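Peer 1: build me a structure from this.
(chains A and B)
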Amino acid sequence: MCDADQCFLLAYIIDRRPCRYVPLHYQLKKMRVKETIAFIGAADNSCKELSNRLASAQYPLIFVANEGEPLAILSQQISDRMPQGDISRVECAKEGCWQADIIIFCPLQDADAALLQKIEAVTTRKILVHLSDKKDSGQSFFEGSKIFREALPNTQFVQLFPGTDPETMQVENFDDEAPVIIAQILKEAGYTILNEQKISI
Amino acid sequence: MFELLREKISKNITISEDDFRFCQTLFQPKKLKKKRFLLGDGDVCKQIAFVEKGLLRVFIIDGKGTEHILQFALEGWWAADLSSFLTGELSRYYIEALEDSELLLLSKPSRDALLEKIPAFERYFRILIENNLIVTQRRLITSFSDTAEEKYQKLLHHFPHILQRVPQHMVASYLGITRETLSRVRTQIAARR
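Peer 2: As a prediction, the model looks like this:
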């Protein structure tokens, strides 16, 4: 009996569950690599809710914040609550965005032009998400997206509008692929997508 | 960020400054920290990765839980599960950073856009795939016919840098031999010198 078999047998005896005969450490190794998600901006309630849910869904999270800033505090709170989670904090926005696959801008009243310029080179082809603080998606979608799309033209832009229920979210965008990816991630994190039919997941 | 990619492309095709600027808008820059994964078993390989800096390893895990390294990717090399990338089927490969790495990722839609806008890239990718086929065939023949020492000597001859940057157990896995055999081979070679 090899090590893998012994490992499997032990797990089987402990768990007492019928399962396919696949050595345990192969099962453990089999994995999907989840998108790394960076958070930039303020840490309001929607941002806290979203980051906590994504951390619970085991997405690697990077918080871009200096020590003592609200996002840094939020990062520490999530790390304390989920020490096994893949949570990190970086002070440099470029570094955080470079490591990330998806960048979430938490509510920003005025997108900082200098910040957007700084991250432009490392955000090409990445999904940029603006988490709006407005409940109404009407005109604000086009207003909010304009700033980002002009500053970062080679990104895929998605805007999120939290619903009145904290478990709901509306996804708006201009691209075909990005909203599907974002909606799937949100669903995995336990959200109900208010405009799911429109996105056609 | 794009210096090495440009250098590699220029070896095979000639493209204008404007075309290269367009090319840059299609690649996704990605920094992958050491021990982090780009691809896992059960994912679809949606992007091919060009290594600007760092080192990746591509491997599979068999039913007994043993890792088999198929490829190392150093600076200037590409890494992907080409079969999964082209067919959209699930990959069995894992791609992991052995060092902090800076990658340029190209998705299928971006590659298609690149080929459509700059047809010279058809030649570039053809050459890449031809080279990949040659290496794969050589590796297949080596794995069937060469002795452990011959395999090690070939690696030493063709890719001496890999041996300086990769732990011995991974070299053994890449060569398809045990750590003990690799250790014995290295001792024998050292003794002859």
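Peer 1: neighbours of residue 155, how many?
Peer 2: Going with chain A. Per other Cβ atoms under 10 Å in any protein chain shown, the neighbour tally for A:Thr155 reads 22. For glycine as for every other residue, the C-beta is placed from the backbone atoms N, C-alpha and C.
Peer 1: wait, chain B
Peer 2: B:Leu155: 17 neighbours (other Cβ under 10 Å).
Peer 1: equivalent analysis for B:Arg21, please.
Peer 2: 11.
Peer 1: what packs against the host helix or strand of it?
Peer 2: Taking DSSP states H and E as the criterion, B:Arg21 maps to helix B:17-24. Other helices and strands packing on helix B:17-24, by 3 or more Cβ pairs under 8 Å, 6 or more residues apart in numbering or on different chains; DSSP states H and E, are helix B:3-12, helix B:108-117.
Peer 1: redo these as CSV? Include mean pLDDT.
Peer 2: Converted to CSV, the helices and strands packed on helix B:17-24 look like this (pLDDT from 0 to 100):
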stretch, mean pLDDT
helix B:3-12, 92
helix B:108-117, 94
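Peer 1: so which of those helices gets nearest chain A?
Peer 2: With Cβ to the nearest Cβ as the measure, helix B:108-117 is the member of the helices and strands packed on helix B:17-24 nearest chain A (6.5 Å).
Peer 1: list the buried residues for the closest one?
Peer 2: B:Ser110, B:Arg111, B:Ala113, B:Leu114 (16 or more other Cβ atoms under 10 Å in any protein chain shown).
Peer 1: which residues lie in contact with the closest residue to the first one other than its chain neighbours in this structure?
Peer 2: This means B:Ser110. Leaving aside its chain neighbours, B:Ser110 sits nearest to B:Leu26 (4.0 Å; criterion: Cβ to Cβ, 6 or more residues apart in numbering or on different chains). Applying Cβ atoms under 8 Å, 6 or more residues apart in numbering or on different chains to B:Leu26 gives the contacts A:Thr124, A:Arg125, B:Leu106, B:Ser110, B:Arg111, B:Ala113, B:Leu114.
Peer 1: is B:Leu26 within a helix or a strand, and which one?
Peer 2: Counting by DSSP H and E, B:Leu26 is found in no helix or strand.
Peer 1: try the one 5 residues further on
Peer 2: Mapping B:Lys31 onto the secondary structure by DSSP H and E places it in strand B:28-32.
Peer 1: now check that strand, is it near chain A?
Peer 2: Yes. Strand B:28-32 is in contact with chain A by Cβ under 8 Å from any Cβ of the partner chain, via B:Gln28, B:Pro29, B:Lys30, B:Lys31, B:Leu32.
Peer 1: over to stretch B:46-58?
Peer 2: No. In terms of Cβ under 8 Å from any Cβ, no part of stretch B:46-58 sits within range of chain A; the closest distance is 9.2 Å.
Peer 1: only the C-alpha atoms, please, for that stretch, written as CSV.
Peer 2: This file holds the C-alpha atoms of stretch B:46-58, laid out as CSV (Å, rounded to 0.1, in the frame of the first residue of the first chain):
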residue,chain,number,x,y,z
LYS,B,46,-8.1,30.7,-21.2
GLN,B,47,-4.7,32.5,-21.7
ILE,B,48,-1.3,31.7,-22.9
ALA,B,49,1.5,33.2,-20.8
PHE,B,50,4.7,34.9,-21.9
VAL,B,51,7.3,35.1,-19.2
GLU,B,52,8.9,38.5,-19.0
LYS,B,53,10.6,37.8,-15.7
GLY,B,54,10.7,34.8,-13.4
LEU,B,55,10.2,31.1,-13.8
LEU,B,56,7.1,28.9,-14.1
ARG,B,57,6.6,25.2,-14.0
VAL,B,58,3.9,23.2,-15.9
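Peer 1: which stretches in chain B count as strands?
Peer 2: B:28-32, B:37-39, B:47-53, B:56-61, B:67-73, B:78-79, B:94-97, B:101-107 (DSSP state E).
Peer 1: out of the ones you listed, the one nearest B:Ser173 is which?
Peer 2: Closest to B:Ser173 of the strands of chain B, according to Cβ to Cβ: strand B:67-73, at 4.4 Å.
Peer 1: tell me how far the closest one lies from the chain's centre.
Peer 2: 8 Å (Cα atoms, centre = their mean, to the nearest Å).
Peer 1: show me what that strand packs onto, helices and strands only.
Peer 2: Applying 3+ Cβ pairs under 8 Å, 6+ apart, one finds that strand B:67-73 contacts strand B:56-61, helix B:168-175.
Peer 1: partner strands of the first one, parallel or antiparallel?
Peer 2: For strand B:56-61, the pairing partners within the sheet under DSSP bridges are strand B:67-73 (antiparallel), strand B:94-97 (antiparallel).
Peer 1: please identify the most buried of those.
Peer 2: strand B:94-97 (a mean of 24; mean count of other Cβ atoms under 10 Å in any protein chain shown).
Peer 1: show me what the helix or strand where A:Lys198 lies is packed up against.
Peer 2: Using DSSP H and E, A:Lys198 sits within helix A:196-199. Here helix A:196-199 is seen to pack against helix A:178-188 when contacts are counted using 3+ Cβ pairs under 8 Å, 6+ apart.
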